[in-house]
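Trainee: next input, structure requested:
(one chain, ligands or ions: 2)
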Amino acid sequence: MDKRIRQLAQASPRLGRYDKEKPHVASRISGYEVGLGVRNVKRVQELTPTENRAAARLEGKTLPGGWVVVGKIAQPLGATGGCFSFGYLVETSDGRKGFLKALDYSAAFSSQDPPISVALQQLTESINFEKYVLARCRDRGLDRIVISIADGTFTDGRAGIDTVEYLIFELADGDARNHMAIVSKVDLVWRFKTLHHIATGLEQLHRNDIVHQDLKPSNVLVFNHDHSKLADFGRAACAGQNPPHACLVFPGDWTYAPPDVLYEFCLPDLQIRQLSFDAYLLGSMVVFFFTGAGTTALLLHEMDPAYADWQHFNGNVDDAKLHLRDAFGKALAKIQIDIPETCRADVIPIIQQLCDPDPSLRGHPGEKRGSLSQFSLERYVTRFDLLLKRAEVGLFGTLV
Ligand SMILES: Nc1ncnc2c1ncn2[C@@H]1O[C@H](COP(=O)(O)OP(=O)(O)OP(=O)(O)O)[C@@H](O)[C@H]1O
Ligand SMILES: [Mg+2]
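Mentor: Ligands and ions are numbered 1, 2, ... in the order given. So this is what the prediction gives:
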């Protein structure tokens, strides 16, 4: 892959920076929600140093159900409803292991804008939403979705501000981003198998009236190097639920946002639009597995400089579409260099269909445009399965 593109992708800023001119499309800012009051939350952050927060002090504690918190797995994770969460390894006395995701109410308790009551309400609604979606997936037996084993609250100190909300998941080796970085032999079999598992997971969600909206390498968990599941439902949408982030056009990570979100020409129908996002994000995972970067970063890199600064774009949408089409062609020409020749003719059409910058043209050409089926992922599940089988029997050679 082009060195400059790789650097760009690695240094890629959080594209979801707050823009006063486009508050309705604003997403996460340094892990915080616009809805929780950016300036105020920044002050709160200073008032509540990370290391003093109850969710950051769980090491050595025993939680209900006999789960012992063994140690931190990562630095503060992302944000759920405006508060950073923390990841830990947990274990029971009979040797069961799990991944604990914990967060507390301290930031909400110090909030001035919105008032504490609203901040707390938003936070609890966000957590309850994530728990609801995970329980729905578990109860319906969706086998490509991470299983939440337990959840609850734990207080060590003052009730409320030192109360921790937690979820315990089956323990993975790590996420796809880490996995690609540390495992030297990420071969074609692994890539197609993981893409098959991701597409299957998304398809399972869609069948159960859930859209993910935040599919990216760090939200794909890898188990025993061999199989993968989707995680992180903090930005999802689910029929009949109305979490606080539902007011955002695109609640996911803006580094990976589809171009129709950036240039504001999303599809009008809510359900179809959300499915169009998941389709694009799936295509972006294909691109990531071959180039190390997501489609959006590569697309913006190829955009005419006068149009690349989407945050200040006030021009004609038709012009933006023309420039995006041109940039997409150039990006594809570079992406294909990173795809082994033996399977290029199979992989490129998948990227072309799933990542088309115009959502009205996105999806498999055999599906009816303008309907929910336009973004059906069934055909892609089958295609990745076929590519996996071919890779397993060595039809694509032994290229890494
Ligand atoms: N079950 C698990 N086993 C092992 N590691 C996990 C597990 N769940 C999550 N992680 C690790 O923790 C990271 C963050 O988890 P998650 O996405 O659920 O939290 P988040 O607060 O939404 O963070 P972010 O905004 O970074 O996505 C994952 O990218 C992964 O590396
Ligand atoms: Mg995540």
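Trainee: state which helix of this structure is the longest.
Mentor: Looking across the chain with DSSP state H, the single longest helix is helix 116-139.
Trainee: what packs against that one?
Mentor: strand 79-80, helix 106-109, strand 148-155, strand 163-169, strand 210-211, strand 237-238 (3 or more CB pairs under 8 Å, 6 or more residues apart in numbering; DSSP states H and E). Every C-beta, even on glycine, is put in place using the N, C-alpha and C of the backbone.
Trainee: the longest one pairs with which strands, parallel or anti?
Mentor: What that stands for is strand 148-155. Here strand 148-155 has these sheet partners by DSSP bridges: strand 163-169 (antiparallel).
Trainee: list the contacts of the helix or strand just after the partner strand.
Mentor: Going down the chain from strand 163-169, the next helix or strand is strand 174-175, by DSSP states H and E. Strand 174-175 is contacted by residues 182, 217-222, 231 when judged by CB atoms under 8 Å, 6 or more residues apart in numbering.
Trainee: if you set the cut-off to 7 Å instead, what comes out?
Mentor: For strand 174-175, contacts defined as CB atoms under 7 Å, 6 or more residues apart in numbering pick out 217-222.
Trainee: tell me the domain boundaries of the protein?
Mentor: 19-170, 174-230+254-392 (automatic domain parsing).
Trainee: could you dump those domains into JSON lines and include mean pLDDT, distance to Ala239 and mean neighbour count?
Mentor: As requested, the domains of the chain are exported to JSON lines (pLDDT from 0 to 100; distance: least, CB to CB, whole Å; neighbours: other CB atoms under 10 Å):
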{"stretch": "domain 19-170", "mean pLDDT": "80", "distance to Ala239": "10", "mean neighbour count": "18"}
{"stretch": "domain 174-230+254-392", "mean pLDDT": "95", "distance to Ala239": "4", "mean neighbour count": "19"}
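Trainee: Throw those into a markdown table and include distance to ligand 1, thanks.
Mentor: Output for the domains of the chain, formatted as a markdown table (distance: least, CB to the nearest ligand atom, whole Å):
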| stretch | distance to ligand 1 |
| --- | --- |
| domain 19-170 | 2 |
| domain 174-230+254-392 | 4 |
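Trainee: what about the strands in this protein?
Mentor: 62-63, 67-72, 79-80, 83-84, 86-91, 97-104, 148-155, 163-169, 174-175, 210-211, 220-223, 227-230, 237-238 (DSSP state E).
Trainee: how distant is the first one from the center of its chain?
Mentor: Pointing back at strand 62-63 there. 29 Å (CA atoms, centre = their mean, to the nearest Å).
Trainee: over to the fourth one?
Mentor: When distances are taken as CA atoms, centre = their mean, strand 83-84 is centred 16 Å away from the chain's centroid.
Trainee: so what's whatever residue of the stretch 101-250 of the chain ends up closest to ligand 2 up against?
Mentor: Using CB to the ion, the closest approach of the stretch 101-250 of the chain to ligand 2 is made by Asp232 at 3.6 Å. Neighbouring residues of Asp232 by CB under 7 Å, 6+ apart: 214, 219.
Trainee: where's it relative to ligand 1, distance?
Mentor: Counting by CB to the nearest ligand atom, to the nearest Å, the gap from Asp232 to ligand 1 is 3 Å.
Trainee: touching the longest helix of the chain from outside, list them.
Mentor: With CB under 7 Å, 6+ apart as the criterion, helix 116-139 contacts 35-36, 80-83, 105, 108-109, 111, 145, 147-148, 151, 165, 167, 208, 210, 233-234, 236, 238, 241, 243-244.
Trainee: ok, stretch 69-89 next?
Mentor: 28, 31-33, 36, 41, 50, 55-56, 58-61, 63, 90-91, 97, 99-103, 107-108, 122-123, 126-127, 130, 234, 244.
Trainee: and it, end to end?
Mentor: 6 Å (CA to CA, to the nearest Å).
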